[in-house]
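Novice: show me the folded form of this:
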Amino acid sequence: MVDKKYKDIKKIKNVFWKVLFFLYIVFIIYLSISKPIINYINFKGEDKIVHFISYFLGADLFFMAFFKKSKRTYFILFLIFFLLVPVLTEYAQKFSIYHTYSNLDMVASYLGAVCGFIFFGFKYKAFN
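Specialist: The predicted structure is shown next:
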């Protein structure tokens, strides 16, 4: 009985992280093509910090959702999807009247994702 409850809780936890990750990606895509909520005028490069932090959090959510919780094939497919998001959102910004395409934004996004992966690795080793 206790073992079944533990499995049910574990299953709910796994679904929670996956849903949270996909909602976060939808949120990132929405922010990438909609009218900006914040006007980046405080200092040069402020938007790069936002890209870095956004993908840092996205990478951590990705690994919380899929690392050792999905079949290897699904993990790789969703990893490819996650790695394509910065390219696709920057490309979509070429057609937006609110945003502009920037290779440096993409670089900041990928640096954030790599640092998020490293952070997850340390967190995983520390708590498992």
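Novice: Val107 versus the residue nearest to Lys94 when sequence neighbours are not counted, what's the distance?
Specialist: Nearest non-adjacent residue to Lys94, counting by Cβ to Cβ, 6 or more residues apart in numbering: Tyr101, 4.6 Å away. Placement of C-beta: from N, CA and C, glycine included. Taking Cβ to Cβ, to the nearest Å as the measure, Tyr101 falls 13 Å from Val107.
Novice: over to Ile97?
Specialist: 24 Å.
Novice: likewise Tyr30?
Specialist: 22 Å.
Novice: same check on Lys13?
Specialist: Lys13 is 34 Å from Val107, by Cβ to Cβ.
Novice: now do the buried residues in whichever strand or helix holds Ser32.
Specialist: Assigned by DSSP states H and E, Ser32 belongs to helix 2-33. Residues of helix 2-33 classed as buried by neighbour count (16 or more other Cβ atoms under 10 Å): 17-18, 21, 24-25, 28, 31-32.
Novice: before we move on, what about stretch 67-86?
Specialist: Quick answer for stretch 67-86 (16+ other Cβ under 10 Å): 69, 75, 78-79, 82, 85-86.
Novice: again with stretch 105-119
Specialist: Under 16+ other Cβ under 10 Å, the buried positions of stretch 105-119 are 105-106, 108-110, 112-113, 115-117.
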